[in-house]
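Participant: turn this into a structure:
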Amino acid sequence: MSDTIIIRKAGKTDYESLMALYNLFVGEDRYLKHTFDSFNSVLTNSSNRIFVAEKNSNLIGFATVSFRRVVRYPKAIAELDELFVKEEHRKIGVGKLLLNAVIHESKKRDCYRIYIESAYEHKSAHIFYEGNRFKNNGFHFYKNLQTT
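Facilitator: Here you go, the predicted model:
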């Protein structure tokens, strides 16, 4: 059995494994309901990509990215929406492989810039992003418009 890590675009058959990773990512089991996500619409939307990291036929991480136009830039921008690697597979390059897949896709789409949102408490993620030459340039705010 190979220990090779494969980075690929997610497919419909990845749903169960990907939702299990999301539960680890957010720290609760809310994705076991099968009605609390946008997996199919994100998977089929040309403005989004889901990349997964696979080792020995098991998903060990994922990255999602959105592409959009904004008035202030001459070209589209990319936003890394989420990046997660299972704890036992961290610090061996899986996150970098996923990030590189996002960067490659963004360059292929001729994006002007990539943005990343990261919560204050994710200090190790901040170190990772800065180590990959991303710059911290401000705050990110949100307001819930619907309750779940």
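Participant: per-residue pLDDT, Tyr31?
Facilitator: With respect to pLDDT, Tyr31 scores 65.
Participant: scratch that, Ile7 is what I was asking about
Facilitator: 98.
Participant: next one: it from Ile103, what distance?
Facilitator: Distance from Ile7 to Ile103, counting by Cβ to Cβ, to the nearest Å: 12 Å. In this view, the C-beta of every residue, glycine as well, is placed from N, C-alpha and C.
Participant: so which of these two has more stuff around it?
Facilitator: Ile7 (19 against 16; other Cβ atoms under 10 Å).
Participant: pairing partners for the most centrally placed residue in the chain in the sheet, please.
Facilitator: Per Cα atoms, centre = their mean, the C-alpha nearest to the average position across the chain is that of Ala63, at 2.3 Å. Using DSSP bridges, the beta-bridge partners of Ala63 come out as Phe51, Leu83.
Participant: hang on, isn't it packed against Ala78?
Facilitator: No. Ala63 lies out of contact with Ala78 (Cβ atoms under 8 Å); the separation is 11.1 Å.
Participant: who touches both of those two?
Facilitator: Counting by Cβ atoms under 8 Å, 6 or more residues apart in numbering, the shared contacts of Ala63 and Ala78 are Val102.
Participant: mind listing what's buried in stretch 126-140?
Facilitator: 126, 128-129, 134 (16 or more other Cβ atoms under 10 Å).
Participant: would JSON lines of those residues with distance to Leu97 and pLDDT be doable?
Facilitator: Converted to JSON lines, those look like this (distance: Cβ to Cβ, whole Å; pLDDT from 0 to 100):
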{"residue": "His126", "distance to Leu97": "19", "pLDDT": "93"}
{"residue": "Phe128", "distance to Leu97": "12", "pLDDT": "95"}
{"residue": "Tyr129", "distance to Leu97": "15", "pLDDT": "95"}
{"residue": "Phe134", "distance to Leu97": "16", "pLDDT": "95"}
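Participant: ranges for the helices of the protein?
Facilitator: Listed in chain order, the helices of the chain (DSSP state H) span 15-26, 39-44, 94-108, 123-131.
Participant: do you know how far Phe39 is from Lys12?
Facilitator: Taken as Cβ to Cβ, the span from Phe39 to Lys12 is 8 Å.
Participant: neighbour-wise, which of those two wins?
Facilitator: Shown here are Phe39 and Lys12; by other Cβ under 10 Å, Phe39 has more neighbours (18 against 9).
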